[in-house]
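Asker: All I have is the shape, not the residue letters:
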């Protein structure tokens, strides 16, 4: 079992360990992955006696956790010669085991015991040397990863399955071999269940079926029937033998029919697949056409809206021109009336002013105010316009108002009730 350490105890262990590998699990009792991997971690000291396994609960030892920059649990930190050599974040068992195998130290005595007077292995008898040389030449190089093989065997997989997994994955990693073995076990289980179910439907006893599958495997019903026939021959049961012969004949006919129907079913599946592809392409084209129709209708709608707006602007210009013409005609005949009711002509005017740098400013004026009032407002509210000569450019009608025009009112410049003007720096 791994040692449970107190605050500050880890430093003395690291300093006194020397070349010995020290493996520390920084954990927390409230962490589900920590609780899941703890039994496995506590079982490692028995397998690796030359490694020092420790556990630190971060909530009880916050100083140690901060000193070793622990940001998440579980974190496995490995020390050797007084220094950290690597760390693993998360419960990655295969990576932990590979790290231990890589950095673990061997035991102090690992040689073969010899008695006094026994010949040394460094000076073998001369007559045995050619024989050993011949054995070394004929012995093939090892093709299996011993570390991966040992890991899989420790996990409880059968040796035959381990060899098959290593061959199938080309000496892959532990994770690759485990995935292959899980897939193999699932296929084996499905084959066993299917064969068992089919043999039970034929009327055989479950115990006999199980024994036959265990002996010849689940991949061939014919072999299972042969094995059941051997079992029934030993018991001299003629009824069962006749039944087996009949089932064999039915099975052969079934297989022949399946082989005959196989090309037809393949052709039907291919036709079905092609039809699905055609339907998919047709649906894609319909969606594309529908999208184009929607985009076209939106475009037409925007175009109609723009035409209406242009017509409205033209109508407004015509109205303003006609109003100006009427005012010019009647201006001389009724000057007193205009001067006698100045309050009735005062209206609110909203101006949107666009500056040379692209900024805009919106303000409300009275229709009786002049362009000079607008210029004064601009000079008082826009710092960069204070030391410049200001000009106003109107849109409808298009003209540039300078100092000579600043006495004109907003009504006279046709800027009522709202208008957009450009501010110019002359």
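Answerer: Yes, it's here. Computed from a predicted structure; not experimentally measured.

Asker: where does the stretch 251-400 of the chain dip in pLDDT?
Answerer: By pLDDT under 70, the low-scoring segments of the stretch 251-400 of the chain are 327-345.

Asker: Can you show me the helices along it?
Answerer: For the stretch 251-400 of the chain, the helices defined by DSSP state H, counting those that start in this stretch occupy 335-340, 342-345, 371-381.

Asker: For stretch 57-73, buried residues please.
Answerer: Buried residues in stretch 57-73, counting neighbours by 16 or more other CB atoms under 10 Å, are found at 57, 58, 61, 64, 65, 68, 70, 73. The C-beta positions use only the backbone N, C-alpha and C, and glycine is treated the same way.

Asker: Chain neighbours aside, what residue packs nearest to the second one?
Answerer: Okay, so that is residue 58. Counting by CB to CB, 6 or more residues apart in numbering, residue 58 lies nearest to residue 65, which is 4.0 Å off, once chain neighbours are set aside.

Asker: Could you do the third one as well?
Answerer: Residue nearest to residue 61 in three dimensions, not counting chain neighbours: residue 7, with 4.5 Å by CB to CB, 6+ apart.

Asker: secondary structure class for the one you found?
Answerer: coil (DSSP: H, G, I helix; E, B strand; the rest coil).

Asker: The residue nearest to residue 151 when sequence neighbours are not counted: how many residues sit nearby?
Answerer: In space, and not counting its chain neighbours, residue 151 is closest to residue 174: 5.0 Å by CB to CB, 6+ apart. When counting by other CB atoms under 10 Å, one arrives at 21 neighbours for residue 174.

Asker: Repeat that for the one 3 residues further on.
Answerer: For residue 177, the neighbour count with other CB under 10 Å is 25.

Asker: shouldn't it be in contact with residue 161?
Answerer: No. Using CB atoms under 8 Å, residue 177 makes no contact with residue 161, being 9.4 Å away.

Asker: domain parsing for this structure?
Answerer: Split into domains by automatic domain parsing, the chain comes to 3-103, 159-236, 237-323, 346-425.

Asker: Now do the last one: distance to the chain's middle.
Answerer: Looking back up the chat, that one is domain 346-425. 58 Å (CA atoms, centre = their mean, to the nearest Å).

Asker: What ranges does the stretch 51-200 of the chain have for its strands?
Answerer: Ranges of strands within the stretch 51-200 of the chain are 52-57, 75-80, 83-89, based on DSSP state E, counting those that start in this stretch.

Asker: go on, the stretch 201-350 of the chain?
Answerer: Using DSSP E, counting those that start in this stretch, strands in the stretch 201-350 of the chain cover 348-354.

Asker: Not counting sequence-adjacent ones, nearest residue to residue 173?
Answerer: residue 148 (6.8 Å).

Asker: who's in contact with that neighbour?
Answerer: Applying CB atoms under 8 Å, 6 or more residues apart in numbering to residue 148 gives the contacts 166, 171, 172, 173, 174, 177.

Asker: Number of residues surrounding the fourth one?
Answerer: In terms of burial, residue 173 registers 15 neighbours under the definition other CB under 10 Å.

Asker: ok, residue 247 touching residue 222?
Answerer: No. Assessed by CB under 8 Å, residue 247 is found out of contact with residue 222, at 10.0 Å.

Asker: tell me the contacts of the residue nearest to residue 177 when sequence neighbours are not counted?
Answerer: Counting by CB to CB, 6+ apart, residue 165 is the residue found nearest to residue 177 once chain neighbours are left out, at 4.2 Å. Neighbouring residues of residue 165 by CB under 8 Å, 6+ apart: 152, 157, 177, 180, 181, 184.

Asker: let's see it at 10 Å
Answerer: 148-149, 152, 157, 171-172, 174, 176-184 (CB atoms under 10 Å, 6 or more residues apart in numbering).

Asker: circling back: ramachandran coordinates for the residue nearest to residue 61?
Answerer: Per-residue torsions, residue 7: phi -60, psi 130 (degrees, to the nearest 10).

Asker: isn't it right next to residue 66, touching?
Answerer: No. Taking contacts as CB atoms under 10 Å, residue 7 lies outside contact range of residue 66: 11.1 Å.

Asker: Residue 247 and residue 222: which is more packed in?
Answerer: The neighbour comparison of residue 247 against residue 222 (other CB under 10 Å) goes to residue 247, with 18 against 12.

Asker: and the closest residue to the more buried one other than its chain neighbours, how many residues sit next to it?
Answerer: Residue nearest to residue 247 in three dimensions, not counting chain neighbours: residue 202, with 5.4 Å by CB to CB, 6+ apart. For residue 202, the neighbour count with other CB under 10 Å is 17.

Asker: Now do the same contact list for residue 202.
Answerer: 209, 221, 224, 225, 228, 243, 244, 246, 247, 250, 251.

Asker: Next one: it, what pLDDT does it get?
Answerer: Note for residue 202: predicted pLDDT of 78.
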